[in-house]
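# Turn this into a structure:
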Amino acid sequence: MSPAHPHEFIPPGSRFHALASPFPMKRGGVLHGARIAYETWGTLSPARDNAVLILTGLSPDAHAASSAADPTPGWWEAMLGPGKPIDSDRWFVVCVNSLGSCKGSTGPASIDPATGQAYLLSFPELSIEDIADAAAEVVRGLGIERLACVIGNSMGGMTALSLLARHRRIARAHINISGSARALPFSIAVRSLQREAIRLDPNWNGGEYDDATYPESGMRIARKLGVITYRSALEWDGRFGRVRLDESASAEDDPFGLEFQVESYLEGHARRFVRRYDPNSYLYLSRSMDWFDLADQAGGDTLAALAALAGNGVEQALAIGANTDILFPVQQQQEVAEGLARGGAEAEFIGMDSPQGHDAFLVDFERFGPAVRGFLDRL
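Okay, here's the model as predicted:
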């Protein structure tokens, strides 16, 4: 299937689920003819009781691992596959691309069937709850009444909690990895600056841009801000220190140009990202995280809202994170486990001594792999 818009990037192994039409959005508005991109690994058991759902962070697509349909390595290749921590020989694994993304699911870069043009900023206001409801439709569409486990990473941890709250008995177990029940002020502040950087780029043009006028500077700055918070000060110091670039690598006509290796790393990382992600999708998904607060469903009491998930059918849970995470502090995963335990679930919290900060679950497989494998083995 060809991209509908230059800023949609669809992995070749993607499958698509057509959402109910109209699909109502929490904050108003509806979508018509919307879809969710997803990929699967393993085989669904005759009893349909071995399904595991993976919900992602802001930027990943549904291609979490290689498969026959797409043999290229996925973003969680070390964690998912035969004999790996999420063992596709045992589990039927589904990974969905979030509603609002630009990686195959309907989002601002998609074509609005009512106009024949990309939605851009006419896309309805997006919430984490909408993303959860869309994921639930994929699960039901695959004939799965109850998941063995739902795994949520980062923003996906928020989506997973919303899914469990809004869809009773949709999962027996939950693994929350570097996620949270609500956005904290520091995280909101960082994401606010990221969105401001994009919106202040003249090429953003109120959301109306194309390849020739892509808001590259805004996206570069937004990505750099993100990467700084995804890793820890401990890693930055150990990895780069104060090592400078060769003098020949600095432009003579730019007295304030790149001087340190850490600056060069951020620049390279940002440039690899910017043309592979739609700026409007970034804005919508970023804001959805800031709006999310599970406590809204329990009169402002976060622990009570989490405890209610046990009553909704969650029997076992694991909440894990990195002690060096500043974006989704480890105390937030501890809170998830505490709340679920208060409701009667068998819940465990593990704070990892990983130096990699928020991104640890994407790189520190020696720590995160055994924790996830051990929990799934006990199900």
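# tell me the SS of the residue nearest the centre of the chain?
Most central in the chain under C-alpha atoms, centre = their mean is G57, positioned 1.1 Å from the mean C-alpha point. Three-state call for G57 (DSSP: H, G, I helix; E, B strand; the rest coil): coil.
# swap in Y282?
Y282 ends up helix, using three-state DSSP.
# residues in contact with it?
Counting by C-beta atoms under 8 Å, 6 or more residues apart in numbering, Y282 touches 58, 194-195, 198, 219, 222. Just so you know, the C-beta spots here come from the backbone N, C-alpha and C atoms, and that holds for glycine as well.
# quick one: which of these has the most company?
With neighbours taken as other C-beta atoms under 10 Å, the top of the contacts of Y282 is A222, carrying 29 neighbours.
# how far is whatever helix or strand it lives in from where the chain is centred?
Here A222 sits within helix 216-230, counting by DSSP states H and E. Centroid separation for helix 216-230 versus its chain: 16 Å, with C-alpha atoms, centre = their mean, to the nearest Å.
# helix or strand right after that helix?
helix 233-240.
# Buried residues of that next one, list them for me.
By neighbour count with 16 or more other C-beta atoms under 10 Å, helix 233-240 contains the buried residues 235-236.
# what do you get for stretch 103-117?
Neighbour-count burial for stretch 103-117, counted by 16+ other C-beta under 10 Å, picks out 103-112.
# The helix or strand of the chain with the lowest mean pLDDT packs against which elements?
Ranked by mean pLDDT, DSSP states H and E, the weakest helix or strand in the chain is helix 233-240, scoring a mean of 86. Counting contacts by 3 or more C-beta pairs under 8 Å, 6 or more residues apart in numbering; DSSP states H and E, helix 233-240 packs against helix 261-274.
# Check which residues of the helix it packs on are buried.
With burial defined by 16+ other C-beta under 10 Å, the residues of helix 261-274 counted as buried are 261-262, 264-266, 269-270, 273-274.
# re earlier: quick one: residues in contact with the least confident helix or strand of the chain.
Helix 233-240 has contacts (C-beta under 8 Å, 6+ apart) with 260-262, 265, 324, 355-357.
# Quick check: of those, which lies closest to P85?
Q356 (17.1 Å; C-beta to C-beta).
# show me the contacts for the closest one.
Q356 neighbours (C-beta under 8 Å, 6+ apart): 231-232, 235, 322, 324, 363-364.
# rerun at 10 Å
By C-beta atoms under 10 Å, 6 or more residues apart in numbering, the contact set of Q356 is 230-232, 234-235, 239, 322, 324-325, 362-364, 367-368.
# Over to E39?
Contacts were defined as C-beta under 10 Å, 6+ apart; by that measure E39 touches 11, 13-15, 54, 61-65, 67, 69-70, 74, 93-97, 104.
# Assumed it was part of a strand.
Yes - counting by three-state DSSP, E39 is part of a strand.
# Relative to G343, how far out is it?
For E39, the distance to G343 equals 32 Å [C-beta to C-beta, to the nearest Å].
# just R166 next, same as before
In this view, R166 and G343 are 16 Å apart by C-beta to C-beta.
# between the two, who's got more neighbours?
With other C-beta under 10 Å as the criterion, R166 and G343 differ in neighbour count, and G343 comes out ahead with 19 against 15.
# Per-residue pLDDT of the more buried one, please?
pLDDT for G343: 98.
# swap in A249?
56.
# What sits closest to the residue nearest to the centre of the chain if chain neighbours are left out?
The shortest distance from G57 to any non-neighbouring residue, by C-beta to C-beta, 6 or more residues apart in numbering, is to S154 (3.5 Å).
# I'd like to know how far the one you found sits from F240.
For S154, the distance to F240 (C-beta to C-beta) stands at 24 Å.
# Now do the helices in the stretch 101-250 of the chain.
Assigned helices in the stretch 101-250 of the chain, in chain order: 128-141, 155-166, 185-199, 216-230, 233-240 (criterion: DSSP state H, counting those that start in this stretch).
# partners of D112 in the sheet?
Using DSSP bridges, the beta-bridge partners of D112 come out as Q117.
# I figured it hits S122, correct?
Yes - contact criterion C-beta atoms under 10 Å: D112 and S122 qualify, at 6.6 Å.
# which residues sit in contact with G33?
Contacts of G33 (C-beta under 10 Å, 6+ apart): 18-19, 21-23, 106, 110-114.
# 8 Å instead?
G33 sits next to 18, 21, 106, 113 when contact means C-beta under 8 Å, 6+ apart.
# go on, A132?
Applying C-beta under 8 Å, 6+ apart, we find A132 in contact with 159-160, 162-163, 166-167.
# Could you rerun that using 7 Å?
By C-beta atoms under 7 Å, 6 or more residues apart in numbering, the contact set of A132 is 159, 162-163, 166.
# And H269, how close does it get to R48?
Applying C-beta to C-beta, the value for H269 to R48 is 41 Å.
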